[in-house]
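J.: got a sequence here, can you model it:
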Amino acid sequence: MRGHVVVALCGLVLACGGADEAAPNAEIACAPATAWAAPDTQLVQRATTVITFRNDGAPGPISLALDGADAAEFVIAPVTDCDEGRRLGTGDLCFVQVDFAPQSLGAKRASLRVGATRIALTGTAIATTTGLFIGAANLSFSRGAVALGISEFIVSNQGTTPIPLGAPAFSGAGFIGNTASDCGPMLTGGAACTMRVAYTPLARGCAIGAMHLGGATVPIDGRFISGVEVYPRGAGTGTITSSPAGIDCGTGDVGVCARAFDDDRVTLTATPTGGSHLAGASATRTISLVPRSFTPSWIVHFASPAAKAIALSLDGEAVGTVSYDPVASTCTDDCTLHVEPGDHPVLRARTPSRFTGWSGACGGIGRTCELGLTVNDRAATATFAKDDGEVTTLLPEVPVAAAAFFADGDLLAAGDDRLQEPPALIVSRLAPTGAMRWSRALPSEFRWVVDAATTATGAAYLVVLGPDQTTYTLLRLDGAGATVWAQPLPTTTPAFVPVLAPVGDEVALAWNDELAVRAATDGTVRWRTPIELPLAITASAAELAVARYDVAASATTIDRFAFDGTPRGAPWTISGLTRTKLAYDHQSGLVMATEAALVRLDATGATTFSVPEVDGTVGRFVAIDRDGRIVTARAHRFQGRSAFAAGALVLAHDATGAEVWRLDKDTNGASDYGGPGFDAVEPYDLISDNQGHVALIGVYNLRQPWIEILAVP
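T.: Sure, this is the predicted structure:
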C-alpha cells in the first residue's frame, strides 16, 4: 500500500460516502471510539494512532478520506489497509494509521472517514522544547495484514547542557519493547541520534504502556491482529476464500490479497473455476495465528482445464513428503497434482527416516524423479520406512534449540524464531503426537535459549541469553508456559555456558565458577559452592555430579554433592578429556560422553570402560534408556570437513561398554539434488523421554526442527 494523501471536500458524493458503503465500527486500543485526541505535540514532532475498523453490518465498499479545517495537519500513513474502494465483508477488519504532524501552533481539528463512519480528530501543537526532544509524542503500533510494529524517530538535545539518556526502559503489560539506536548514554548540547523501537506482542489484543528515556515518558499502545496473505496463480482460474470470512480473492485480482483476522486460526479454501484444476496438493490450509511479526501466506497454483493428473501415493510407516516443481507444492499424504501439457515435472521425495524407492511412473531408489514431457495422466508411489528402533518422528512448526520432556510425555521446546523482526525466543509445549499444547513468545531481553530442564511437578527451567550475548537469566515457567519468576545471573565472560539439572522441584545451575541450587519459589540461591570452569551437570536420585575443567592438569574433574550441598568424597580426575556431557546409569555409574571417548565410572570413581569415539563424527550426546543401556549420538562430518555436520550415528552400549546396537543415519550431508545438509539430519542433543525411550533433537533439511524418538531393540 502505498502512501495515502487523501483530502476530501464534503460536497462531493464520492468523497463523503455513498448510501451503499459499509459503516464499520471503530476501535482505538481495543475500546470503541468515535474520536481521537492526539497528545500535545511539538512542532516537527509526530503523534500516532492506529484505528481498527470492523464491519459488523452488511457488506459494502469503503472510501477513505481526511477532511475538515485542519486536514493538512493530519496524515494517513502508508501502512493503512482500509484502501479506497475496498469491499468490507461482514466481520471483515481493516485499520488506518493516522499521524498528527502539526505545521503551525494551536488547536487543530479534522475528520477521518472510512466508508460511512466518521472519526473526529483533534490535537494541539505546542512550541518545540529547549531541552530533550523526542520525535515521537507517543508510539502506537499494530501487527496485522500489512502493519509492522516498528517506529523510528529522532532524539535530540535542543539545549547546550549535556543530558544523560541512559538505556530506554519499558513499562506496561502485554508487550515488549526493543530498541536499536546510535544514541549513547549522554547526549551533548545540540547533538541528535536516531532510535528505533520495535513492538512485539505477547498475546492477541491490545496493550498499553510507556517508554522511559532521559527522564521523559512516551506513551505506547499496541494491538495484535493477525494478517494472512494469499496469491492465486497459474494458467487456470479459481478463487481462495477463508473461514472466518475476510479473504475472497481470485486469479483475476491484481496485487497482494491480504486481510487481518482477530482469531486464533483461519482456514483457507482454494476452488478451481471454469473447469480448471488445482496444480498443487491441497485444496485447504489451516493457519494457526500466533503473535509474530511476519505474515503467513499461501500461494495456490490453478492449472488449466487441459492439465494432466499425476496421482501420487505415499506409502510406508515413516514421515515423508513428495514435493513438485515448479509450483513448489508438497504432498504430505496421497494427493493428485495437475501439470500443464508440455511441462517437465520433477518429483522429490524427502524423509528424515528411510526412503525405500519409487514405483509406477517413477522407478528406482533415487529421491528425485524426472517425469519427462507431460502428455497423459500418470501415477506414482513413494515409499518411506522407519529407522531401526524408530518409535515416531516429529517435525514441529516451532523452533527447537533446547528441549526436555515432562513426566507425562509432553515435550518442552525452546528456540529463537529468526523470521520475526526483531527475532524472538519462542517456548512451546508439544504433545507426544507433536500437537501444539501452547506456544509463547518471551520478552525481547531474552534472545537465545542455552539449556532447559523440567521437574516432576510439571514446571520448567530455562537459561536464556540476551541480545548483548553477555546477559544470562534463569527462568521458571509453570505448566501452561507462564513465567513464574526470572532471576538475572551474574554478568561475566564465562569459558562455558550455564547448564541445568532438576533437583526435585528446584534446579541446580553450574555457572560462573560456581554450583548453586536455587529455590523453586523465587529462584533465590539456597546454597552455592565454588566450581571453577564447570562443563556439565547431572543428578541421580541421591546426588549431584559436576564436571569441571582442570586447566593445570589438562583434565576433567568430577565433584559430587548431596542435595544439601555437602561434598560426597574426594574429586575424581580423568586425564585428557574435556567438553563432556554427563548421565547417571541404572547401576549408579556415572557416564561421560566427550569428543574423544565414552567413559563410565563406578561408584568409587574407577573407570569400568573407555570406548573411543568413531572417526569422522562430532558431538557428545548421551542418554540412558529404560533398560539401562547407554545411548550416544554424534553427527557425521560432511566429506570429512568439520564445517558441515549432517547425518547421525546412534550407538547403544551395555554396562561393560560393549556395543549392542547401532543406527547410522549417514547421508554424508548431501542429497542427490542438493549440497551439504540438504535432506539430512543434524543432531543437537539426545534426551530421555521419561517413557523409557531416547529422543534425538536437531534439524532436518537444514532448518526444519526434528525429533526422532527411539526404542533401542
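J.: which residues does the residue nearest the centre of the chain form beta bridges with?
T.: Note on the chain: the residue nearest the mean C-alpha position is D417, at 3.0 Å, using CA atoms, centre = their mean. When bridges are taken as DSSP bridges, the partners of D417 come out as A424.
J.: hang on, isn't it packed against V427?
T.: No. Using CB atoms under 8 Å, D417 makes no contact with V427, being 10.7 Å away. Any C-beta I mention is one placed from the backbone N, CA and C, and that applies to glycine too.
J.: hmm, back to that, what about the residue nearest to the centre of the chain, distance to W448?
T.: From D417 over to W448 the distance is 11 Å, taken as CB to CB, to the nearest Å.
J.: give me the common contacts of these two.
T.: L425 (CB atoms under 8 Å, 6 or more residues apart in numbering).
J.: what about I707, how many neighbours?
T.: If you count neighbours by other CB atoms under 10 Å, I707 ends up with 24.
J.: contacting residues for A125?
T.: A125 makes contact with 40-43, 73, 102-106, 108, according to CB under 8 Å, 6+ apart.
J.: let me have those residues in JSON lines, extended by pLDDT and distance to V400.
T.: Formatted as JSON lines, the contacts of A125 follow (pLDDT from 0 to 100; distance: CB to CB, whole Å):
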{"residue": "D40", "pLDDT": "95", "distance to V400": "48"}
{"residue": "T41", "pLDDT": "95", "distance to V400": "46"}
{"residue": "Q42", "pLDDT": "94", "distance to V400": "48"}
{"residue": "L43", "pLDDT": "92", "distance to V400": "51"}
{"residue": "E73", "pLDDT": "96", "distance to V400": "51"}
{"residue": "P102", "pLDDT": "95", "distance to V400": "50"}
{"residue": "Q103", "pLDDT": "93", "distance to V400": "52"}
{"residue": "S104", "pLDDT": "95", "distance to V400": "56"}
{"residue": "L105", "pLDDT": "96", "distance to V400": "56"}
{"residue": "G106", "pLDDT": "96", "distance to V400": "57"}
{"residue": "K108", "pLDDT": "97", "distance to V400": "52"}
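J.: what's the most distant pair in the residues you listed?
T.: Farthest-apart pair in those is D40 and Q103; separation 15.4 Å (CB to CB).
J.: higher neighbour count, those two?
T.: A side-by-side neighbour count of D40 and Q103, using other CB under 10 Å, places D40 first with 14 against 11.
J.: so the more buried one sits against T124, correct?
T.: Yes. Using CB under 8 Å, D40 is in contact with T124, at 5.2 Å.
J.: pLDDT wise, what is the closest residue to Y700 other than its chain neighbours at?
T.: The shortest distance from Y700 to any non-neighbouring residue, by CB to CB, 6 or more residues apart in numbering, is to W706 (3.8 Å). As predicted, W706 sits at a pLDDT of 93.
J.: number of residues surrounding W706?
T.: Per other CB under 10 Å, the neighbour tally for W706 reads 23.
J.: so what's it bridging to?
T.: W706 has the following beta-bridge partners by DSSP bridges: G698.
J.: can I assume it is in contact with G698?
T.: Yes. The criterion here is CB under 8 Å, and W706 meets it with G698 at 5.3 Å.
J.: that'll do, ta.
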